[in-house]
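>>> can't give you the sequence, but here's the structure:
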């Protein structure tokens, strides 16, 4: 099960288990913060971080969409800027989550491992093509105007 579903199920079971006590007229003095094990300041910190990241992403996207009108080079720059904002925002949101420092460290190291793997796998093709281009430039077998026949 997903973590959200687990927390939701736990909250629902806790509420349902309290219904018989409430029917008998007992007062429940447990706040939602005590039940979840977080403080109000942690919740406010997480909410403001999330709102700031989303607003920054939306504003950057709106500004970049106004500037990019059919230009291919600007689409690449736009994509890189939005990816960077999204990545930094995701890391900021993860660091703002109310969880222990060891779990935060493990999650951020997992993100680093995934990004390193993606970069290394995608750069292999790029480096291969660059090396082939350098080799063709050094050999000088082809001149402009030559015809090449491929079998």
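That came through fine. As the structure is a prediction and not an experimental result, all values here were calculated from the model.

>>> so what touches stretch 122-131?
Among residues not part of stretch 122-131, none is counted as a contact by C-beta atoms under 8 Å, 6 or more residues apart in numbering. (Each C-beta comes from the backbone N, C-alpha and C, glycine too.)

>>> ignore what I typed, I meant stretch 80-93.
46, 49-50, 53-54, 56-57, 60-61, 64, 108, 111, 115.

>>> give me the low-pLDDT residue ranges for this structure?
Under the criterion pLDDT under 70, the flagged ranges of the chain are 1-33, 35-36, 68-73.

>>> rewinding a little: in CSV, list the contacts of stretch 80-93 along with secondary structure.
Rendered in CSV, the data for the contacts of stretch 80-93 read as follows (DSSP: H, G, I helix; E, B strand; the rest coil):
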residue, secondary structure
46, helix
49, helix
50, helix
53, helix
54, helix
56, helix
57, helix
60, helix
61, helix
64, helix
108, helix
111, helix
115, helix
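
>>> any idea which helix or strand carries the spatially most central residue of the chain?
With the centre of the chain defined as its mean C-alpha position, the nearest residue by C-alpha atoms, centre = their mean is residue 90, 4.0 Å away. Per DSSP states H and E, residue 90 falls inside helix 72-96.

>>> next, the buried residues of that helix.
Of the residues in helix 72-96, those with enough neighbours to count as buried (16 or more other C-beta atoms under 10 Å) are 78, 85, 89, 91, 94-96.

>>> repeat for stretch 58-66
Of the residues in stretch 58-66, those buried by neighbour count under the rule 16+ other C-beta under 10 Å are 60, 64.

>>> what's it in contact with?
For stretch 58-66, using C-beta under 8 Å, 6+ apart, the contacting residues are 78, 81-82, 85.

>>> closest to residue 133 out of the residues you listed?
residue 78 (26.7 Å; C-beta to C-beta).

>>> any idea how far that closest one lies from residue 55?
Going from residue 78 to residue 55 by C-beta to C-beta, to the nearest Å gives 18 Å.

>>> equivalent analysis for residue 103, please.
27 Å.

>>> which stretches in this structure count as helices?
For the chain, applying DSSP state H gives helices covering 3-23, 32-36, 40-67, 72-96, 101-139.
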